[in-house]
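*Asks:* Here is my input, please return the structure:
(one chain, ligands or ions: 1)
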Amino acid sequence: MTNARQDVCNFNPGPAALPDEVLQQAQAELLNWGGCGLSVLEMSHRSKEYEGIQARAEEALRQLLDIPDDYRVLFLQGGASLQFAMVPMNFLPSGGVADYVLTGSWSEKALQDAQRLGQPRVAASTKEGGYRTIPSWRDLQPAPGSAYVHITSNNTIEGTQWQDLAHGLTVPVVADMSSDIASRPFRVADYHLIYAGAQKNIGPSGVTVVLVRESWLQQAEEIANQRNLPTMLRYAIHAKNKSLYNTPPTFAVYLVGLVAEWSLRQGGLSAMAERNRAKANLIYEAIDQSHGFYQGVAEPSCRSLMNITFRLADAELEAKFLQEAKTRGLIGLGGHRSVGGMRASLYNAVPYEACVRLREFMDDFRHRFS
Ligand SMILES: *Cc1c(COP(=O)(O)O)cnc(C)c1O
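*Replies:* Okay, here's the model as predicted:
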C-alpha cells in the first residue's frame, strides 16, 4: 500500500510528527541555503553561515521558552539518555546525595545511571500503583545536602504528566522535559537544568537541547575536575565552546530552529497549550464516554496531554484496533513494548484534524465491537 502524506496521521511517540511547513521550508532550502550555494548538510560547522543558523535556532528557542539571559542553551548529542549520566557526572559530587522522583521508566533509567555515580535517593515513587499517578510537590522532602532533585515532567511511556511545574523547592531542580518541552508555558528559572531530546516536540532525532543556569556551571566544572571526566562529558566545555567543541549535529540544530520559529508563528506556548488541551480532550472524551470499552491507563488528574495511554478488553481486540487504524492511515498507536496497550502521542506538530480522525475511528470501532 502506498500513502500520500495527507492520508496519514502520525501518532508516533518519537521520532514524531514534524510540521508540514517546516519540512517544506527545509525542502525548499535543501540544495541552496540562503543563496550560499550549499546545503546546510554540506556546510562547515565553523562557517559564518552555520554560526548564523545555530544562533538563529538559539534565538528562536530563547523567545519561545522565554529563557532568561543567565541560562545557557546547549545543543548536545547522545540523546536524553546521555543526560541521565551527564547530570550526575557534573552535578553530583562523588559520594554526594541527590533526589530522584520515580514516575515512570525514563526516570528509572535516570536513577540507574545516578546510582553508578553517587548515592541518589528515591524522594518519591509512584511505581507501586503502576506509575498511574504523579506525586505532589508538597510531599517531596529533599535529603539534607541534596545536590539536586530530578524529575521527568512528562512520562512518555505511561502517559502521565506533572500538571504544575512550579515546585517552590529551594534545592536545584533538574527536569527531563523530552516529551513535553514547548507544549505549555512554564518558568525556565524554576529549574537549574532542563534537558530534552529534540525528537518529540522540537525537532528531529540527533540533538538534545540543554538549558542550564550559568552560575551552576561553575560547580559542574569543579565536580568534573574532581571526577576527571573526559572532555565530551563536561557541560562547562560545551558551554565555553558554544556547543561547537566538536562537530554538532548541524542539520538537526537547523531544524530545531525552524520548528521553534514555527511554534512562535502559531502563537507561542500559550497557543500551543490551548491546542494541545483541545486535542487531548477529544481523545480522553472518547475514552471516558466509552463505558469501559477503552480504559485509560493514567489516573485522570495526572493525565498527559502529550501521550494518551489506554487499553481495550484483550490483546486480540487491541491487535485488531491497531490493524484497522493502520489501514485508515492512523499510525504509531501501539503502546511502548514494555507496557503494551495503545498510546496516541499528540505532540505540538500533530494537527487537531488528525485527532478528529482518531476520535471518529475510536467511536466507530467501539460501536462495531462493543
Ligand atoms: C524519549 C525519552 C527519553 C530518551 O530519549 P533518547 O533521545 O532516545 O535518549 C528520555 N526521557 C524521556 C522523558 C523520553 O520521552
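*Asks:* export stretch 276-288 as PDB, just CAs?
*Replies:* Output of stretch 276-288 as PDB, limited to C-alpha atoms (Å, rounded to 0.1, in the frame of the first residue of the first chain):
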ATOM      1  CA  ASN A 276      -2.800  20.600  22.900                       C
ATOM      2  CA  ARG A 277      -5.600  20.600  25.500                       C
ATOM      3  CA  ALA A 278      -8.300  20.600  22.800                       C
ATOM      4  CA  LYS A 279      -6.600  17.700  21.000                       C
ATOM      5  CA  ALA A 280      -6.200  15.600  24.100                       C
ATOM      6  CA  ASN A 281      -9.700  16.300  25.300                       C
ATOM      7  CA  LEU A 282     -11.100  14.800  22.100                       C
ATOM      8  CA  ILE A 283      -9.300  11.500  22.800                       C
ATOM      9  CA  TYR A 284      -9.900  11.500  26.600                       C
ATOM     10  CA  GLU A 285     -13.600  12.100  25.900                       C
ATOM     11  CA  ALA A 286     -13.700   9.100  23.600                       C
ATOM     12  CA  ILE A 287     -12.200   7.000  26.400                       C
ATOM     13  CA  ASP A 288     -14.400   8.400  29.200                       C
END
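*Asks:* can you list the residues that contact it?
*Replies:* 183-184, 294-296, 300, 303-306, 308, 310, 344, 346, 348, 350, 352, 355-356, 358-359, 362-363, 366 (C-beta atoms under 8 Å, 6 or more residues apart in numbering). Every C-beta, even on glycine, is put in place using the N, C-alpha and C of the backbone.
*Asks:* For it, buried residues please.
*Replies:* By neighbour count with 16 or more other C-beta atoms under 10 Å, stretch 276-288 contains the buried residues 276, 279-280, 282-284, 286-287.
*Asks:* Just the ones of the residues you listed in strands?
*Replies:* Among those, no member falls in strands (DSSP state E).
*Asks:* Among those, which one lies nearest to the ligand?
*Replies:* Using C-beta to the nearest ligand atom, Asn276 is the member of the buried residues of stretch 276-288 that lies nearest the ligand, at 15.7 Å.
*Asks:* Could you break this structure into its assigned domains?
*Replies:* Following automatic domain parsing, one finds the domains of the chain at 23-265, 268-369.
*Asks:* Now the shortest one: average pLDDT?
*Replies:* The average of the pLDDT scores along domain 268-369 is 97.
*Asks:* Make 239 the first number, not 1, from now on.
*Replies:* Okay, residue one is now 239; in that scheme the one you just asked about reads as domain 506-607.
*Asks:* Give me the distance between the two termini of it.
*Replies:* End-to-end distance for domain 506-607: 41 Å, by C-alpha to C-alpha, to the nearest Å.
*Asks:* Likewise for the first one?
*Replies:* From the first residue to the last, domain 261-503 extends over 15 Å; the measure is C-alpha to C-alpha.
*Asks:* residues touching Leu568, list them.
*Replies:* Shown in contact with Leu568 (C-beta under 8 Å, 6+ apart): 247, 249, 595-596, 599.
*Asks:* what's the residue in the stretch 239-388 of the chain that the ligand sits nearest to in contact with, if anything?
*Replies:* Nearest residue of the stretch 239-388 of the chain to the ligand, counting by C-beta to the nearest ligand atom: Gly317, 2.6 Å away. Gly317 sits next to 435, 443, 446 when contact means C-beta under 8 Å, 6+ apart.
*Asks:* how about a cut-off of 7 Å?
*Replies:* When contacts are counted by C-beta atoms under 7 Å, 6 or more residues apart in numbering, Gly317 touches 435, 446.
*Asks:* Next: the one 10 residues further on.
*Replies:* Counting by C-beta under 7 Å, 6+ apart, Met327 touches 355, 465, 467, 471.
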